[in-house]
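>>> got a structure for you, letters missing:
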């Protein structure tokens with residue numbers, strides 16, 4: 001149930017009181033109750049405007065003006081029955097208990113909720129997981145681990161794939177296997193999720209943040225070399241929001257300075273750089289299978305590499321550092337970064353759908369592009385000539401002055417219509433956990449973070465969903481522009 005306490009108001013208050021209650025609430029409606037708490041009416045922000053325009057005063061009593069002919073649900077009904085009471089005009093209904101008291105509410109946005117991202121589990125996931133359960137192979141050993149790893153190798157055309165418990169532990173495993181630790185530095189982008197920095201820090205090394213490129217939004221190769229010191233051991237290229245980094249200059253810099261290259265591909269499974277899959281270009285690639293990623297295992301990750309020595313070291317470390325030929329004999333103080341057979345079963349089923357997932361995402365992105373490319377004030381996500389973007393999220397950057405609305409106001413308006421969005425990541429250097437590691441300016445990442453907004457993008461979003469998002473977005477912008485005061489010259 002929702003907390004609707006701020007949306008409940010006594011019938012004895014004034015219009016001014018009701019306006020204040022509407023401002024404090026989040027649904028644009030207040031439910032009016034009598035002395036015993038039973039509901040006797042409701043009022044919306046639109047009602048208040050009409051009441052005041054008709055000549056009423058803010059000091060007038062609310063009771064004569066409230067809407068007594070309201071529609072309400074009941075706690076004794078199924079939720080679907082209550083939802084069916086909603087219409088295009090009736091967007092919020094209270095849910096009343098047996099005494100007529102409002103205890104919950106249902107909104108139009110719930111009926112039409114479009115999440116920013118959700119998993120697609122429509123393949124063989126249940127079949128394979130059931131097989132694990134019926135065979136009792138539910139822990140970190142079992143055939144699905146090997147099958148999942150092999151399917152990953154085959155898809156990416158890479159020699160080795162190694163499952164892990166998450167994308168973060170995949171990064172940490174790779175960094176430790178490279179011998180990177182106390183006193184070392186790893187160059188990372190400023191605009192990324194905190195896991196990129198956390199993996200470096202927990203290995204004992206120092207993350208060195210680099211600004212984003214203004215076109216690709218990924219780490220700027222032109223800035224990397226300026227950050228290299230005698231302590232630098234690796235460059236982490238994060239393929240942000242599904243678009244690859246410009247890998248050739250990064251690899252050239254790494255070769256000149258004898259550095260490792262770690263590809264953080266958490267958001268970019270299926271993306272390509274000059275025809276090659278991301279995760280196969282650097283020394284290692286690290287992938288995430290969290291529920292909002294291109295494929296999911298609930299939680300989970302994968303490390304890929306063509307380097308046999310690195311693979312052997314990572315394989316050893318992820319299993320407590322135990323010698324593979326001598327069980328319970330520890331060669332290193334390793335980790336328990338082992339994925340379960342249950343998770344791998346889900347992962348294998350997901351990989352069987354990977355081509356369909358990527359194809360659907362690119363069709364969705366093309367529909368977004370067609371709908372939004374002529375909207376002045378919106379910068380669409382990049383796709384460089386050398387890149388294949390898989391559009392993990394459909395991310396845009398807005399010009400608030402041209403649109404006549406702030407990024408956050410636009411997001412709130414979309415949410416009012418049931419459409420979830422997500423702001424870009426905060427730059428690492430602005431966050432308490434990482435601010436001490438910044439040396440230099442990161443103006444591009446700061447600007448992208450302030451004005452970036454990601455729109456819904458799931459593997460199964462249909463074009464109808466995209467049209468709905470774009471139509472709502474454009475109507476919101478147009479309404480905002482019309483409400484702007486004219487400028488007299």
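Received it, and whenever you're ready, just let me know what you need. All figures in this text were calculated on a predicted structure; none of them were measured in a lab.
>>> Can you check the pLDDT for the residue of the chain positioned farthest from its centre?
For the chain, the largest distance from the centre (Cα atoms, centre = their mean) belongs to residue 55, which lies 47.3 Å off. Confidence at residue 55, expressed as pLDDT, is 92.
>>> State the distance from it to residue 15.
Using Cβ to Cβ, to the nearest Å, we find residue 55 at a distance of 12 Å from residue 15. C-betas here are computed from N, CA, C, even on glycine.
>>> Tell me, how many residues neighbour residue 6?
Neighbours of residue 6 under the rule other Cβ atoms under 10 Å: 14.
>>> my read: it touches residue 23, true?
No. Under the criterion of Cβ atoms under 8 Å, residue 6 lies out of contact with residue 23, with a separation of 9.9 Å.
>>> In this structure, where's the longest helix?
With secondary structure taken from DSSP state H, the chain has its longest helix at helix 463-483.
>>> Report the mean per-residue pLDDT for that helix.
92.
>>> same deal with stretch 355-371?
For stretch 355-371, the mean confidence score works out to 98.
>>> Break the chain into its domains for me.
Structural domains annotated on the chain: 5-111, 125-351, 354-483, as defined by automatic domain parsing.
>>> Let me know which of those domains is the nearest to residue 119.
domain 125-351 (4.6 Å; Cβ to Cβ).
>>> Quick one: end-to-end length of that closest one, please.
As for domain 125-351, its first-to-last residue distance stands at 10 Å under the measure Cα to Cα, to the nearest Å.
>>> Also stretch 151-171?
Start and end residues of stretch 151-171 are separated by 20 Å (Cα to Cα).
>>> From the chain's centroid, how far away is that stretch?
Put simply, stretch 151-171 sits 21 Å off its chain's centre (Cα atoms, centre = their mean, to the nearest Å).
>>> One more: stretch 221-240?
Shown here is stretch 221-240, whose average C-alpha point lies 25 Å from the average C-alpha point of the whole chain (Cα atoms, centre = their mean).
>>> re the thing from before, can I get the domains of the chain in a markdown table with distance to residue 119?
Supplementary listing: those in a markdown table, determined by distance: least, Cβ to Cβ, whole Å:
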| stretch | distance to residue 119 |
| --- | --- |
| domain 5-111 | 20 |
| domain 125-351 | 5 |
| domain 354-483 | 8 |
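>>> Determine which stretch of the ones you listed is the most buried.
For the domains of the chain, the largest average neighbour count (mean count of other Cβ atoms under 10 Å) is found in domain 125-351, namely a mean of 21.
>>> quick one: that domain to chain centroid distance?
19 Å.
>>> repeat for stretch 475-488
Going by Cα atoms, centre = their mean, where stretch 475-488 is centred and where its chain is centred differ by 30 Å.
>>> contacts for that stretch?
Outside of stretch 475-488, the residues that reach it under the criterion Cβ atoms under 8 Å, 6 or more residues apart in numbering are 375, 377, 403, 404, 405, 409, 410, 413, 414.
>>> related to what we said a few turns ago, wait, which of the domains of the chain is closest to residue 117?
Distance to residue 117, taken as Cβ to Cβ, is lowest for domain 125-351 among the domains of the chain, at 4.3 Å.
>>> Can you check the pLDDT for the closest residue to residue 8 other than its chain neighbours?
Spatial nearest neighbour of residue 8, chain neighbours left out: residue 31 (5.3 Å); criterion: Cβ to Cβ, 6 or more residues apart in numbering. Looking at residue 31, its pLDDT reads 94.
>>> so residue 31 sits in a strand?
Yes. Residue state for residue 31 (DSSP: H, G, I helix; E, B strand; the rest coil) corresponds to a strand.
>>> Any idea what it is bridged to?
residue 8, residue 42 (DSSP bridges).
>>> List the contacts of it.
Contacts were defined as Cβ under 8 Å, 6+ apart; by that measure residue 31 touches 4, 7, 8, 9, 39, 41, 42, 94, 102, 105.
>>> my guess is the second one contacts residue 27, does it?
Same thing as residue 7. Yes. With contact defined as Cβ under 8 Å, residue 7 counts as touching residue 27 (6.1 Å).
>>> Phi and psi next, for residue 385.
According to degrees, to the nearest 10, the main-chain angles of residue 385 amount to phi -60, psi -30.
>>> rewinding a little: pop out the phi and psi values for the residue farthest from the centre of the chain.
Dihedral angles phi and psi of residue 55 (degrees, to the nearest 10) take the values phi 110, psi 0.
>>> residues contacting it?
Applying Cβ under 8 Å, 6+ apart, no residues contact residue 55.
>>> Please apply the same query to residue 287.
If you count contacts by Cβ under 8 Å, 6+ apart, then residue 287 has 167, 170, 265, 266, 269, 279, 293, 301, 302, 303, 304 around it.
>>> Mind checking which of these are in strands?
Those of the contacts of residue 287 mapping onto strands are 301, 302, 303, 304, per DSSP state E.
>>> which one is the second one nearest to, not counting chain neighbours?
Right, the one you point to is residue 302. Ranked by Cβ to Cβ, 6+ apart and with sequence neighbours excluded, the top spatial neighbour of residue 302 is residue 287, at 4.4 Å.
>>> What strand or helix carries that neighbour?
When elements are defined using DSSP states H and E, residue 287 is found to belong to strand 284-288.
>>> Output the lowest mean pLDDT helix or strand found in the chain.
Considering only helices and strands, the least confidently modelled element of the chain by mean pLDDT, DSSP states H and E is helix 108-111, at a mean of 66.
>>> quick one: average pLDDT of the following helix or strand past it?
Once helix 108-111 ends, the next helix or strand along the chain (criterion: DSSP H and E) is helix 125-135. For helix 125-135, mean pLDDT rounds to 98.
>>> One more: stretch 161-172?
When the per-residue pLDDT values of stretch 161-172 are averaged, the result is 99.
>>> relative orientation of the helix or strand encompassing residue 314 and strand 301-305 in degrees?
Taking DSSP H and E as the criterion, residue 314 maps to helix 308-318. The directions of helix 308-318 and strand 301-305 differ by 150 degrees, with axes from the mean of the first three to the mean of the last three Cα atoms, to 10 degrees as the criterion.
>>> Between strand 284-288 and helix 308-318, find me the angle.
With the same axes, to 10 degrees applied, the angle from helix 308-318 to strand 284-288 works out at 40 degrees.
>>> Show residues contacting helix 308-318.
When contacts are defined by Cβ under 8 Å, 6+ apart, helix 308-318 is touched by residues 159-160, 162, 164, 173-174, 176-178, 283-284, 303, 305, 322-324, 331-332, 334-338.
>>> Mind doing that once more with 10 Å?
Applying Cβ atoms under 10 Å, 6 or more residues apart in numbering, the contact partners of helix 308-318 are 140, 159-165, 169-170, 172-174, 176-179, 260, 283-284, 303-305, 307, 321-324, 330-339.
>>> So which of those are in helices?
Reading helices off those with DSSP H, I get 169, 170, 172, 173, 174, 176, 177.
>>> Include distance to residue 459 when you put those into CSV, please.
What follows is the ones in helices among the contacts of helix 308-318, written out as CSV (distance: Cβ to Cβ, whole Å):
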residue, distance to residue 459
169, 24
170, 21
172, 28
173, 27
174, 27
176, 33
177, 32
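>>> so which of the residues you listed comes closest to residue 437?
Each of the ones in helices among the contacts of helix 308-318 was scored against residue 437 by Cβ to Cβ, and residue 172 proved nearest at 17.0 Å.
>>> Please tell me I have it right and the closest one contacts residue 164.
Yes. The pair residue 172 / residue 164 is scored as a contact, 8.7 Å apart, by Cβ atoms under 10 Å.
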